[in-house]
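K.L.:
Just a sequence and a predicted model for now, questions to come.
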Amino acid sequence: MAEQLIHSVLLALHNIALAGCAAAPWYNRALVMKRGQYGPKLHYELDKVVEDTLQDNEPYCIAFITTLFVTGVAMPLNRYAFHGALREVGGVVLAALAVKLLFVFGMVAIMMVIFSRINPRLRELWSRFAPGETPKETDECEFFALRARRKALCEVCLYFAVMVLVASAFLGFKT
């Protein structure tokens, strides 16, 4: 019973993290698409809301991906703790696990690029903008180029999150 309870808690946390990994880029995408209707010219108040929203999601993304990874490792270890062996799995489960891990690590790589390179530079550029002032053209162009790069990477991350969700469905496959 303890094994099942621990597994259920881990699985619930894992599923919440998995949903967060897909929902965050989905809703961020919707926000960015709406903002895109106004073109690549700075609208200070609107862009502040967009930038604050996207940049403030960073700790949630890190928490979701960390929880996803930790609970994904903890579930088989839970079984090992109670039975002294991992569950025997077939080719379908191994393939699904490989696909899932590949896309999770892909999401981590994308997050590292966004959080360590793109977002800090966007913050630096943003600090040069002020309400009611016309920004320097070079700063504005770089700002929107970086936003476009971040958007493209987030699109890939969303695709990866969907693939993680799909692969997860096959992990319970019985051989």
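P.N.:
Now that the structure is in, tell me what you want to look at. Numbers count the residues shown, from 1 in each chain.
K.L.:
after the longest helix belonging to the chain, next one along is what?
P.N.:
Longest helix of the chain, by residue count under DSSP state H: helix 2-36. Using DSSP states H and E, the helix or strand that follows helix 2-36 in sequence is helix 44-56.
K.L.:
Give me the buried stretch members for that following helix, please.
P.N.:
By neighbour count on 16 or more other CB atoms under 10 Å, the buried set for helix 44-56 is 47, 50-51, 54-55. (C-beta placed from N, C-alpha, C; glycine too.)
K.L.:
Please apply the same query to stretch 23-36.
P.N.:
24-25, 28, 32, 35.
K.L.:
circling back to that earlier point, if you average the pLDDT over the longest helix of the chain, what comes out?
P.N.:
Averaged across helix 2-36, pLDDT comes to 92.
K.L.:
So what's the residue count around Val164?
P.N.:
Burial of Val164 is recorded as 23 neighbouring residues (other CB atoms under 10 Å).
K.L.:
who's in contact with the residue positioned nearest the centre of the chain?
P.N.:
Central residue of the chain (CA atoms, centre = their mean): Cys21, 4.5 Å from the mean position. Residues in contact with Cys21 (CB atoms under 8 Å, 6 or more residues apart in numbering) are 61, 64-65, 68, 107, 161, 164.
K.L.:
which stretches of this protein aren't confidently modelled?
P.N.:
Low-confidence segments of the chain (pLDDT under 70): 175.
K.L.:
Now stretch 162-172: buried residues?
P.N.:
Going by neighbour count (16+ other CB under 10 Å), the buried part of stretch 162-172 is 163-165, 167-168.
K.L.:
Just the residues you listed: which are in helices?
P.N.:
If you go by DSSP H, the buried residues of stretch 162-172 have 163-165, 167-168 in helices.
K.L.:
farthest-separated two in these?
P.N.:
Maximum pairwise distance in those, criterion CB to CB, is 9.5 Å, between Met163 and Ser168.
K.L.:
what sits in contact with each of those two?
P.N.:
Lys100.
K.L.:
and the angle from the helix or strand containing Phe105 to helix 2-36?
P.N.:
For Phe105, the element it lies in under DSSP H and E is helix 91-113. Per axes from the mean of the first three to the mean of the last three CA atoms, to 10 degrees, the angle that helix 91-113 makes with helix 2-36 is 50 degrees.
K.L.:
Contacts made by the helix or strand that comes right after helix 91-113 with the rest, please.
P.N.:
Next along the chain after helix 91-113, taking DSSP H and E as the criterion, comes helix 119-126. Identification of contacts with helix 119-126 by CB under 8 Å, 6+ apart yields 48, 51, 54-55, 58, 139, 142-143, 146-147, 150.
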